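Asks: Predicted model and sequence follow; I will ask about them next.
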Amino acid sequence: MEQKEFDLHDVVEMKKPHPCGTNRWRIIRMGMDIRMKCEGCGHSVMLPRREFTRKLKKILEKHEG
């Protein structure tokens, strides 16, 4: 399986969209768990890293810097 490289403040797309209708998430915390914030409504969700990597579809924007 392809290893996806993601970093703090990257914007990612998950396999399932958020109920608000958008599918853009910004990574705001990384560690054993990944916290991400919905770009549409601002709701934040924390997932274990393993579950996050399984549900990640693609990286939309890489953070510069």
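Replies: Okay, I see it.

Asks: for the protein, what spans make up the helices?
Replies: Secondary structure of the chain (DSSP state H): helices located at 49-55.

Asks: what about the strands in this protein?
Replies: Assigned by DSSP state E, the strands in the chain fall at 11-14, 25-30, 33-38, 44-48, 56-61.

Asks: can I get those in JSON lines with distance to K4, mean pLDDT and mean neighbour count?
Replies: Where C-beta positions appear, they are placed from N, C-alpha and C, glycine not excepted. As requested, the strands of the chain are arranged in JSON lines below (distance: least, Cβ to Cβ, whole Å; pLDDT from 0 to 100; neighbours: other Cβ atoms under 10 Å):
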{"stretch": "strand 11-14", "distance to K4": "9", "mean pLDDT": "96", "mean neighbour count": "18"}
{"stretch": "strand 25-30", "distance to K4": "12", "mean pLDDT": "96", "mean neighbour count": "17"}
{"stretch": "strand 33-38", "distance to K4": "12", "mean pLDDT": "96", "mean neighbour count": "19"}
{"stretch": "strand 44-48", "distance to K4": "14", "mean pLDDT": "96", "mean neighbour count": "13"}
{"stretch": "strand 56-61", "distance to K4": "6", "mean pLDDT": "94", "mean neighbour count": "14"}
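
Asks: Could you provide the ones you listed in TSV, with additional columns for distance to E5?
Replies: TSV is the format used below for these (distance: least, Cβ to Cβ, whole Å):
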stretch	distance to E5
strand 11-14	11
strand 25-30	12
strand 33-38	13
strand 44-48	17
strand 56-61	8
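
Asks: Report the contact partners of the nearest residue to W25 once chain neighbours are set aside.
Replies: Distance criterion Cβ to Cβ, 6 or more residues apart in numbering; nearest residue to W25, sequence neighbours excluded, is M36 at 4.2 Å. Going by Cβ atoms under 8 Å, 6 or more residues apart in numbering, M36 touches 12, 25-28, 44-47, 52.
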